[in-house]
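Asker: Coordinates for the following, if possible.
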Amino acid sequence: MLSNRARNLPASSTAALDAHVKALQADGADIINLTGGELDFPTPDQAAEGARRAIAAGHTRYTPVAGIGPLREAIARRLASHWGSAYEPAQIVTTNGAKQALAQVFTVLCEPGDEVLLPAPYWVSFPHMIALAGAVPVVVDTTGTGFKLTPETLRAHLTPRTRVVLLNSPSNPTGVVYERTELEALARVAVERDLVIVSDEIYGDLVHEGAAFTSVASLGPEVAERTVTIGGFSKTYAMTGWRIGFAAAPEPVAAALAAVQGHTSSAPSSISQYAALAALTGDTDEELARRAEELNVRRALMRDGLAALPPLRLAAPPQGGFFAFVDVRGLYTRPDDDAGTVARELLEHTGVAVMPGRDFAAPDHVRLSYAVGTEDISQALQRIGAHLKSL
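Answerer: Numbers count the residues shown, from 1 in each chain. The predicted structure follows:
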């Protein structure tokens with residue numbers, strides 16, 4: 001009954017493990033969940049109030065497929081003011097989360113057999129989104145270059161079928177942030193070889209002390225005209241359940257994205273759109289700054305705690321987002337051990353749930369989220385440390 005593409009499509013491993021851990025917790029298990037990509041901060045009051053006002057005003061009908069005009073205008077203003085990227089409202093398409101934006105982008109950009117260069121480690125859904133669009137994910141290993149794509153490795157993987165290069169900065173799962181000069185060098189190759197850049201910038205507002213975020217589309221008009229920027233409200237505003245994302249793209253691409261969306265999901269929830277609008281236009285700067293400070297405290301706690309837990313090794317300093325990426329090879333005792341083995345043992349012996357890296361194309365690493373509070377992080381590190389001492 002199933003098509004080949006459906007038969008070969010696995011469930012999202014991150015979503016599945018997070019759901020499994022939450023089910024164990026609901027059954028009373030004492031588990032600290034470090035698997036998730038969801039900050040524990042509440043939805044900002046401004047967004048919640050915006051949703052209530054929308055309901056009271058009767059804004060509960062279909063909206064334009066690409067989203068309500070005021071929201072698209074507000075997103076364009078924020079991209080200009082915060083990220084230095086110049087977009088018009090007509091170039092913005094709001095979506096049911098950034099994940100939908102990404103899936104639609106590959107659909108409108110790629111012909112069957114086109115290649116998308118995918119730096120690894122990567123977010124688990126990237127290769128499946130590419131394949132569902134009929135394109136071919138070409139995995140580019142970046143472990144030898146600081147988990148970053150370089151012009152040399154980019155050129156080495158180009159073929160006549162290469163259509164898109166996918167970038168994700170700050171990165172999930174590694175936490176690395178590309179420097180502006182590094183992005184400029186990659187963009188020169190894209191311009192030279194007529195490639196489209198899809199830049200997943202969902203963590204762009206969550207950059208920590210010592211790092212600076214650069215939006216690819218801010219590198220100049222010649223780069224912007226071949227770049228699709230992906231963003232959303234789930235990370236910056238902790239609005240995961242509201243399901244609001246967006247794509248910002250050259251106008252023909254934006255029109256095609258809206259056409260695909262019009263024939264599939266239609267527009268995002270009207271209430272969620274008004275909540276997102278209120279988040280952008282309300283006075284949220286002070287609250288976002290407080291959250292950024294708190295996240296930086298959590299990052300330092302996780303980073304310093306892991307440094308005191310050999311043979312675990314932090315693979316890269318977390319510069320953005322809220323993940324620590326850890327090399328666990330020092331814990332292997334059998335030839336067939338991998339990060340999955342380590343994750344299962346940690347869950348069984350310590351009650352700490354971490355995300356194994358196999359589906360990130362990093363089978364010797366685990367990802368630890370510091371989206372939870374400092375008490376949970378400290379307790380998790382203590383449990384892991386006690387377990388390591390017992391080995």
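Asker: Just the endpoints, please. Distance across stretch 344-356?
Answerer: 9 Å (Cα to Cα, to the nearest Å).
Asker: and that stretch, which residues are buried?
Answerer: 345-347, 350-356 (16 or more other Cβ atoms under 10 Å). Where you see a C-beta, it was placed from the backbone N, CA and C, and this is true even at glycine.
Asker: which outside residues touch that stretch?
Answerer: For stretch 344-356, the surrounding residues in contact (Cβ atoms under 8 Å, 6 or more residues apart in numbering) are 13-14, 17, 21, 29-35, 173, 326, 338-340, 342-343, 363, 366-369, 380, 383-384, 386-387.
Asker: List only buried entries from the residues you listed.
Answerer: Burial by neighbour count, 16+ other Cβ under 10 Å: within the contacts of stretch 344-356 this picks out 13-14, 17, 21, 31-35, 173, 326, 338-340, 342-343, 363, 366-369, 380, 383-384, 387.
Asker: Show me what the lowest-mean-pLDDT helix or strand in the chain packs onto, helices and strands only.
Answerer: None of the helices or strands of the chain scores lower by mean pLDDT, DSSP states H and E than helix 13-26, at a mean of 85. In terms of contacts (3 or more Cβ pairs under 8 Å, 6 or more residues apart in numbering; DSSP states H and E), helix 13-26 is packed against strand 32-33, strand 355-356.
Asker: roughly how far is the helix or strand following the first one from the heart of the chain?
Answerer: The first helix or strand that comes after strand 32-33 along the chain, using DSSP states H and E, is helix 45-56. Counting by Cα atoms, centre = their mean, to the nearest Å, helix 45-56 is centred 26 Å from the centre of its parent chain.
Asker: List the contacts of helix 45-56.
Answerer: In this structure, residues lying in contact with helix 45-56 by Cβ under 8 Å, 6+ apart are 60, 233, 237, 239, 242, 270-272, 274-279, 282-284.
Asker: What are the buried residues along it?
Answerer: Under 16+ other Cβ under 10 Å, the buried positions of helix 45-56 are 46-48, 50-51, 54.
Asker: Kindly report the same for stretch 259-266.
Answerer: Within stretch 259-266, the residues that qualify as buried are 260-261, counting by 16+ other Cβ under 10 Å.
Asker: May I have it as CSV, with CA atoms only?
Answerer: Taking C-alpha atoms only, stretch 259-266 is exported to CSV below (Å, rounded to 0.1, in the frame of the first residue of the first chain):
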residue,chain,number,x,y,z
ALA,A,259,1.5,28.2,-4.1
VAL,A,260,2.7,24.9,-2.6
GLN,A,261,1.4,25.9,0.7
GLY,A,262,-2.0,26.8,-0.8
HIS,A,263,-2.4,23.3,-2.2
THR,A,264,-1.2,21.5,1.0
SER,A,265,-1.7,23.1,4.5
SER,A,266,-2.9,26.6,3.6
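Asker: Let's test this: mean pLDDT of it, rounded?
Answerer: pLDDT averaged over stretch 259-266 equals 97, rounded to a whole number.
Asker: Touching that stretch from outside, list them.
Answerer: Contacting residues not belonging to stretch 259-266 are listed as 62, 65-66, 93, 95-96, 100, 104, 107-108, 267 [Cβ under 8 Å, 6+ apart].
Asker: Stretch 329-342 too?
Answerer: Residues lying outside stretch 329-342 but in contact with it, judged by Cβ under 8 Å, 6+ apart, are 310-313, 328, 356-358, 362-366, 388, 391.
Asker: Give me the pLDDT value at Ile92.
Answerer: In this prediction, Ile92 carries a pLDDT score of 98.
Asker: Show me the shaky parts of the protein.
Answerer: By pLDDT under 70, the chain has no low-scoring segment.
Asker: Go through it and flag its longest helix.
Answerer: The longest helix of the chain (DSSP state H) is helix 285-307.
Asker: What helices and strands are in contact with that one?
Answerer: With contacts defined as 3+ Cβ pairs under 8 Å, 6+ apart, helix 285-307 has these neighbours: strand 313-314, strand 323-327, helix 374-390.
Asker: possible to save those as JSON lines with distance to Ala254?
Answerer: Below are the helices and strands packed on helix 285-307 laid out as JSON lines (distance: least, Cβ to Cβ, whole Å):
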{"stretch": "strand 313-314", "distance to Ala254": "39"}
{"stretch": "strand 323-327", "distance to Ala254": "30"}
{"stretch": "helix 374-390", "distance to Ala254": "40"}
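Asker: out of these, nearest to Thr214?
Answerer: For these, the distance to Thr214 is smallest for strand 323-327, at 19.6 Å, taking Cβ to Cβ.
Asker: which stretches of the stretch 51-200 of the chain form strands?
Answerer: Assigned by DSSP state E, counting those that start in this stretch, the stretch 51-200 of the chain shows strands spanning 92-95, 115-120, 136-141, 162-168, 196-200.
Asker: Would you tell me what the next helix or strand after the helix or strand containing Glu348 is?
Answerer: In this structure, Glu348 is located in helix 339-350 according to DSSP H and E. Using DSSP H and E, the helix or strand that follows helix 339-350 towards the C-terminus is strand 352-353.
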